[in-house]
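Enquirer: model the structure of this input:
(one chain, ligands or ions: 1)
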Amino acid sequence: MRTVPFYRHGLDESYAEAVADVLRSPFLTSGAVAKAVEAQLCAFFDAPHAALVNSWTNGGAALLLALGIGPGDEVVVPAMTFIATANIVELVGAKPVFVDVDPATLMMSPAAVAAAISDATRAVIPVHLYGQMCDIAALRRALAPRSDIAIIEDCAHSFESTYDGAPPGTHSDAAVFSFYATKNVTCGEGGAVVTRRRDLFDAVLQTRLHGMSAGAADRFANNRYRHWDMTRLGTKANLPDLLAALLPPQIATIRDRLPARAAIARRYERAFAGSAIRLVKSIAGAQHAHHLFPIHVPPRLRDEVLSALNEQGIGCTVNYRSVPTLTYYREKYGYDADDFPVAYEWGEGTISLPLFPSMTTEEQAHVIDAVRELVAPAVGA
Ligand SMILES: Cc1ncc(COP(=O)(O)O)c(C=O)c1O
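Expert: Next comes the predicted model:
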């Protein structure tokens, strides 16, 4: 049976040398390698500050702690996203306020966010879903005059994306990235917080490390121990050099892999045009990172199609079921599927197909044929 994985990473043996260099050094955790990657990220995003973290989730929690967000505060999040976007709000004791998404782009519109704002709102977390960016400048305008509301971009899918030519982090308080195993840039587990705000950066350096006033490398600089203090509560979110060592070549070449991702997305789009399969609308002016390729089939067919594809050796997954309808959020806040109908309907019908730069045209043809053969007869097409 021909199999097609959902994702195939591009890290080969050549990366072993960078890890071996760290192993030969006395310092395995966050040190010179991580600092160099942070400088590389600043250059890539044209931003003054970047802090590596050990996951989007821990970086996001460190960021909320740095913003002083906690019990009694509200943070606006989309209903269609990965659970982590809302979970970090719960983790710091604040309340996630879910907003339904636009049916064409599956992202929150600035008007919908503005309608969800209350006196308790301290932040908004727009998600650049599947790899295309929403308009952060428009969101900022829609929130005016509430300049006290922080905009935190969820960039787990959008490392190489731009909107009107501007990268993530340009119009927000901070952009948070994920380097999880399947992401376009990966070190297995990891992430980064990029910000233009010096005050926020200084605070994140502490909240990503227990709230300590100095990191390990600085505490032992020049082989002399220096006392440290703890002035605020933090978590443990720093990225070790062992993992950071995998990032530099990927960041340097990420844009070279975008044409391959875009070509695969275009072939899927052409293959499913005019069928019962619905696709996400592309936003004019947004450079898509093509992180995921979700399709939407009639919800009554979804689980059957998904299992049949898996049985045929095709790796597929679901990104995502509507977050407020998952048991934890439903039980805690009493949400109903009707409360967020767009996210619910999309979440009941969506399937993510394999998309990775080294996917061959034969592999993709196999996926396309399998999807067509499963969906077309079932909808009488
Ligand atoms: C949209 C989104 N946000 C946040 C995350 C969490 O990232 P991490 O696994 O690095 O914590 C993910 C990971 O899949 C994601 O897809």
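Enquirer: how about the CA coordinates for the helix-or-strand element of the chain with minimal mean pLDDT, as CSV?
Expert: When the helices and strands of the chain are scored by mean pLDDT, DSSP states H and E, helix 216-219 comes last with a mean of 73. Taking Å, rounded to 0.1, in the frame of the first residue of the first chain, the C-alpha atoms of helix 216-219 are listed here in CSV:
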residue,chain,number,x,y,z
ALA,A,216,21.9,30.9,34.0
ALA,A,217,24.5,32.2,31.5
ASP,A,218,24.4,35.6,33.2
ARG,A,219,24.4,34.3,36.7
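Enquirer: list the helices and strands that helix packs on?
Expert: Applying 3 or more Cβ pairs under 8 Å, 6 or more residues apart in numbering; DSSP states H and E, we find helix 216-219 packed against no helix or strand. C-beta: built from backbone N, CA, C; applies to glycine.
Enquirer: so after that helix, what's the next helix or strand?
Expert: helix 241-244 (DSSP states H and E).
Enquirer: hmm, that next one touching the ligand?
Expert: No: applying Cβ under 6 Å from any ligand atom, one finds helix 241-244 out of contact with the ligand, separated by at least 11.8 Å.
Enquirer: can you map out the strands along the protein?
Expert: 49-53, 74-78, 95-99, 121-124, 150-154, 162-163, 174-178, 191-195, 286-287, 293-296, 350-353 (DSSP state E).
Enquirer: for the ligand, find the nearest of those.
Expert: strand 174-178 (3.3 Å; Cβ to the nearest ligand atom).
Enquirer: each with direction, which strands does the closest one pair with?
Expert: Partners of strand 174-178 in the sheet, by DSSP bridges, are strand 150-154 (parallel), strand 191-195 (antiparallel).
Enquirer: out of those, nearest to L306?
Expert: The minimum distance between L306 and the strands paired with strand 174-178 falls on strand 150-154, with 24.9 Å, by Cβ to Cβ.
Enquirer: now A112: closest residue in space, sequence neighbours ignored.
Expert: V99 (5.0 Å; Cβ to Cβ, 6 or more residues apart in numbering).
Enquirer: separation between that neighbour and Y320?
Expert: For V99, the distance to Y320 equals 15 Å [Cβ to Cβ, to the nearest Å].
Enquirer: picking up where we left off before, can I get the strands paired with strand 174-178 in a markdown table with mean pLDDT and mean neighbour count?
Expert: Shown next, in a markdown table, are those (pLDDT from 0 to 100; neighbours: other Cβ atoms under 10 Å):
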| stretch | mean pLDDT | mean neighbour count |
| --- | --- | --- |
| strand 150-154 | 98 | 24 |
| strand 191-195 | 98 | 27 |
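Enquirer: of all those, which lies closest to L309?
Expert: strand 150-154 (27.5 Å).
Enquirer: give me the residues contacting that closest one.
Expert: For strand 150-154, the external contacting residues (Cβ atoms under 8 Å, 6 or more residues apart in numbering) are 56, 60, 63-64, 67, 81, 85, 122-128, 136, 139-140, 143, 168-169, 171-176.
Enquirer: how far off strand 74-78 does it point, in degrees?
Expert: Taking axes from the mean of the first three to the mean of the last three Cα atoms, to 10 degrees, one finds strand 150-154 and strand 74-78 inclined to each other by 30 degrees.
Enquirer: CA atoms only for strand 150-154, dumped as PDB, please.
Expert: Presented in PDB, the C-alpha positions along strand 150-154 are these (Å, rounded to 0.1, in the frame of the first residue of the first chain):
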ATOM      1  CA  ALA A 150      -2.700  44.200  24.300                       C
ATOM      2  CA  ILE A 151      -2.700  42.500  20.900                       C
ATOM      3  CA  ILE A 152      -0.900  39.100  21.000                       C
ATOM      4  CA  GLU A 153      -0.600  37.400  17.600                       C
ATOM      5  CA  ASP A 154      -0.800  33.600  17.600                       C
END
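Enquirer: what residue in the stretch 251-381 of the chain comes nearest to the ligand?
Expert: N319 (7.1 Å).
Enquirer: may I ask you to confirm that that residue is in contact with L353?
Expert: No: N319 is beyond contact range of L353, at 10.6 Å (criterion: Cβ atoms under 8 Å).
Enquirer: mind pulling up the pLDDT for the residue of the stretch 251-381 of the chain closest to the ligand?
Expert: For N319, the pLDDT comes out at 98.
Enquirer: good, we can wrap up now.
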